[in-house]
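**Q** No letters, just coordinates:
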């Protein structure tokens with residue numbers, strides 16, 4: 001049953017990956033590119049977890065799960081610059097300044113370094129939940145990267161909500177925070193399932209935000225083109241007046 005749920009998650013992440021690539025193809029923004037990379041990482045993770053429903057515990061499944069943790073370390077932090085790019089294009093122009101960009105880069109590099117250091121001594125042990133096998137860290141894990149991503153979704157999402165009136169990134173961030181905390185306190189075996197499900201919701205909200213910000217900025221551009229600047233004498237000469245060639 002659990003393996004089937006992860007297979008459904010994999011199909012959903014495949015759909016998100018296709019959507020992200022379509023967004024990137026139509027307009028190659030930073031958020032669309034990073035979103036495609038993140039969606040590809042989520043697709044691999046859910047495929048490996050789905051395979052745990054039909055594969056026996058052994059070296060192959062262990063290797064696939066180790067790569068899963070490596071990709072999580074390198075790919076998951078990319079959510080943060082994705083959120084930052086959406087907020088910047090959504091009206092928080094100060095995020096385009098050099099200090100803000102350096103802070104974002106330092107944050108994701110710090111998270112990646114933290115994760116890679118943890119992988120050096122990582123020992124994975126098999127766990128079987130409702131017939132689905134996977135490997136988890138022997139001593140448990142502190143979800144530092146996940147907490148950072150959730151906080152970033154709340155912070156940058158609030159900026160987008162304030163500037164553009166689009167609340168869904170913030171609301172999904174709140175849902176991720178509440179669901180993760182409640183699951184950890186009630187059902188430890190369901191943490192992975194809930195985490196992957198909320199990651200899919202966060203990915204969908206991110207791509208939806210990308211689409212919304214594009215439409216909003218295009219509308220702003222169209223309004224600017226139709227509004228004559230103050231003091232422009234050509235605006236009083238009529239719409240059909242020819243422009244002077246220089």
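**A** On my side now, so go ahead. The structure displayed is predicted, hence computed values, not measured ones.
**Q** Surely residue 135 is within a strand?
**A** Yes. Judged by DSSP: H, G, I helix; E, B strand; the rest coil, residue 135 forms part of a strand.
**Q** Can you name the residues bridging to it?
**A** Under DSSP bridges, the beta-bridge partners of residue 135 are residue 126.
**Q** Number of residues surrounding it?
**A** 22 (other CB atoms under 10 Å). For glycine as for every other residue, the C-beta is placed from the backbone atoms N, C-alpha and C.
**Q** For it, give me its contacts.
**A** Taking CB atoms under 8 Å, 6 or more residues apart in numbering, we find residue 135 in contact with 61-62, 65-66, 124-127.
**Q** run the last query once more with 7 Å
**A** Residues in contact with residue 135 (CB atoms under 7 Å, 6 or more residues apart in numbering) are 61-62, 65, 124-126.
**Q** again, but for residue 114
**A** Counting by CB under 7 Å, 6+ apart, residue 114 has contacts residue 144.
**Q** Run through the helices of the protein in chain order.
**A** Under the criterion DSSP state H, the chain carries helices at the ranges 2-26, 30-51, 59-75, 79-89, 98-120, 144-164, 168-186, 191-226.
**Q** Tell me which of these sits most buried.
**A** helix 79-89 (a mean of 25; mean count of other CB atoms under 10 Å).
**Q** Next, the angle helix 98-120 makes with it.
**A** 160 degrees (axes from the mean of the first three to the mean of the last three CA atoms, to 10 degrees).
**Q** got the angle between helix 79-89 and helix 191-226?
**A** Using the same axes, to 10 degrees: helix 79-89 against helix 191-226 is 20 degrees.
**Q** Now do helix 79-89: distance to the chain's middle.
**A** Centroid displacement of helix 79-89 relative to its chain, using CA atoms, centre = their mean, to the nearest Å, is 9 Å.
**Q** Now do that helix: which elements does it pack against?
**A** Here helix 79-89 touches helix 30-51, helix 98-120, helix 144-164, helix 191-226, going by 3 or more CB pairs under 7 Å, 6 or more residues apart in numbering; DSSP states H and E.
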